[in-house]
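> Turn this into a structure:
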Amino acid sequence: MKLILLGAPGAGKGTQAEIISKKLGIPTISTGNILRAAVKNGTPVGLKAKEYMDAGKLVPDEVIIGIIQERLAADDCAGGYILDGVPRTIAQAEAMDAHGIRFDCVLSLEIEDSVIEARMTGRRTCPACGATYHIVAAPPKAEGVCDKCGGALEQRKDDLPETVRHRLEVYHKETEPLKSYYQAKGILKTVPDKGGIEETNQAIMELLGK
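Residues are numbered from 1 along each chain as shown. This is a model prediction of the structure:
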């Protein structure tokens, strides 16, 4: 099964992709990960991407699509795959269509902005050991102190309220239109927020007929 996961930053795409990947036995393909791997492995498209990255420029769509094509040609994708983080725009979706990259289903995780803001702005991370907490859902035993190593917890720049709001604005403007694009193709399925990871995953598996 060939899937795309859509959803705002903080909607839980990465978490759900990991669970679906295990249940269906297909790989999750994250743009960031394959971009880094292509650069590290020195593939032709990876070297091209590195030129842009070294110059501090955004990697253009045609290079991103080239890297995705390279990854989808791997043996482990023969039975399907899950794309997380791409396409981000209509232009990328159209480029994938033009390159013959097809999907069986596009899952859109629907969560209110206010819920995402509370979820992301409440995150705290330990820079020393990498442990993560949430001031409401999973607080440390002592406020501001890591349970594991005693390090001082920090709020990442990505989780600051103004950053979260900006990322949501970008999502609504650039990525959310993909819902209409794939709805017109008859492959969009919306996943309502069930409040918990397992409950949301159960809804996803039902939508996929699994």
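
> rest of the way, CA atoms for contacts and neighbours
Noted.

> Helices of the protein, start to end?
For the chain, helices defined by DSSP state H occupy the ranges 13-24, 31-41, 44-54, 61-72, 90-98, 113-121, 161-170, 178-184, 197-207.

> Kindly reformat those as CSV containing mean pLDDT, distance to Val136 and mean neighbour count.
Shown next, in CSV, are the helices of the chain (pLDDT from 0 to 100; distance: least, Cα to Cα, whole Å; neighbours: other Cα atoms under 10 Å):
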stretch, mean pLDDT, distance to Val136, mean neighbour count
helix 13-24, 94, 19, 16
helix 31-41, 85, 29, 15
helix 44-54, 88, 37, 17
helix 61-72, 89, 37, 18
helix 90-98, 94, 36, 16
helix 113-121, 94, 9, 17
helix 161-170, 94, 16, 16
helix 178-184, 98, 31, 16
helix 197-207, 95, 16, 15
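
> between these, which gets nearest to Ile135?
Comparing those against Ile135 with Cα to Cα, the closest turns out to be helix 113-121 (9.1 Å).

> Are there helices or strands packed against the closest one, and which ones?
helix 161-170 (3 or more Cα pairs under 8 Å, 6 or more residues apart in numbering; DSSP states H and E).

> 10 Å - rerun?
Judged by 3 or more Cα pairs under 10 Å, 6 or more residues apart in numbering; DSSP states H and E, the packing partners of helix 113-121 are strand 132-134, helix 161-170.

> Asn201 is nearest to which of the ones you listed?
Relative to Asn201, the nearest member of the helices and strands packed on helix 113-121 by Cα to Cα is strand 132-134, separated by 21.2 Å.

> Now do that closest one: distance to the chain's middle.
Here the centre of mass of C-alpha atoms in strand 132-134, compared against the chain's by Cα atoms, centre = their mean, to the nearest Å, lies 19 Å away.

> Could you do stretch 173-184 as well?
On the basis of Cα atoms, centre = their mean, stretch 173-184 sits 16 Å off its chain's mean C-alpha point.

> Other residues contacting it?
Counting by Cα atoms under 10 Å, 6 or more residues apart in numbering, the neighbours of stretch 173-184 from elsewhere in the structure are 6-8, 85-94, 103, 105-108, 167-172, 185-190.
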